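# What shape does this take:
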Amino acid sequence: MTAKANIMPIISKIYCSSSQVMLVVRKRPHVVNGGGFVVTNCSQKVVFKIEGCGVLGTKGELLVRDGDGDPLVLIRRKGGLVQALSIHRKWKGYAYNYEGFHKSVFSLKEPNSSCLVRNNAIRISTETTGSNKAWDFEIKGYFPDRDCSIVDSIGNVIAQIGVKKEIEELMAKKDLYHIEVKPGIDQAFVVGIIATLDHIYGESTHC
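Here you go, the predicted model:
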């Protein structure tokens, strides 16, 4: 008998599955720079839509919508002199409710460097786990290679980004790749992190 997965909602428990989920990221075709991407499930149904600054008209801002187009998470890069002088650039994710985007659910720190090298850790803190740690998750590997994972503070992989070999041979791997989300993990949260990484590395959400 397999152990029941611990449900870990960060955006919402409706995006936490009791089994592993495979999601596919597809860059939106024929859009202006910063148009974003869509995320489908194994049935090729769109489950998330990510809008970048080319759609929103605001730099350093991303929006994750559900498959019906309703807003889920607004992600903003923090600005100002304090951020400019800091060793890290900070992104904040806000969940949507009936009052708008008010509830901060996660923050992500990227190294404040002119070039993101492979060794620099990108770390994520959440507001919902009740943890007193300095960070809850970090990125292992290198996102532009589509070979990385999101791991928790004790080293467990919660999501893996990769490319199937047959897909890699057919088309540019930047345009189509998959995310394996472990049981109990909030898929909307994982997609929000992927959207932020996409913007950090100057890809489909970046203007």
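# Contacts for stretch 16-27, please.
The contact list for stretch 16-27 (Cβ atoms under 8 Å, 6 or more residues apart in numbering) reads 4-5, 7-9, 37-42, 44, 47-48, 174-187, 191, 194, 204. To be clear about C-beta, it is placed using only N, CA and C from the backbone, and glycine gets the same treatment.
# What's the end-to-end length of it?
24 Å (Cα to Cα, to the nearest Å).
# secondary structure class for the closest residue to Ile150 other than its chain neighbours?
The shortest distance from Ile150 to any non-neighbouring residue, by Cβ to Cβ, 6 or more residues apart in numbering, is to Ala159 (4.5 Å). What DSSP: H, G, I helix; E, B strand; the rest coil gives for Ala159 is strand.
# For Ala159, which residues are in contact?
Applying Cβ under 8 Å, 6+ apart, we find Ala159 in contact with Ser149, Ile150, Ile179, Glu180, Val181, Lys182, Ile185, Val190, Ile193.
# elements contacting the helix or strand hosting the fourth one?
In this structure, Glu180 sits in strand 176-181 according to DSSP states H and E. Counting contacts by 3 or more Cβ pairs under 8 Å, 6 or more residues apart in numbering; DSSP states H and E, strand 176-181 is packed against strand 21-27, strand 157-162, helix 187-200.
# Tally up the residues packed near His199, please.
Other residues near His199 come to 26 when the count uses other Cβ atoms under 10 Å.
# picking up where we left off before, beta-bridge partners for the residue nearest to Ile150, please?
Ile150, Val181 (DSSP bridges).
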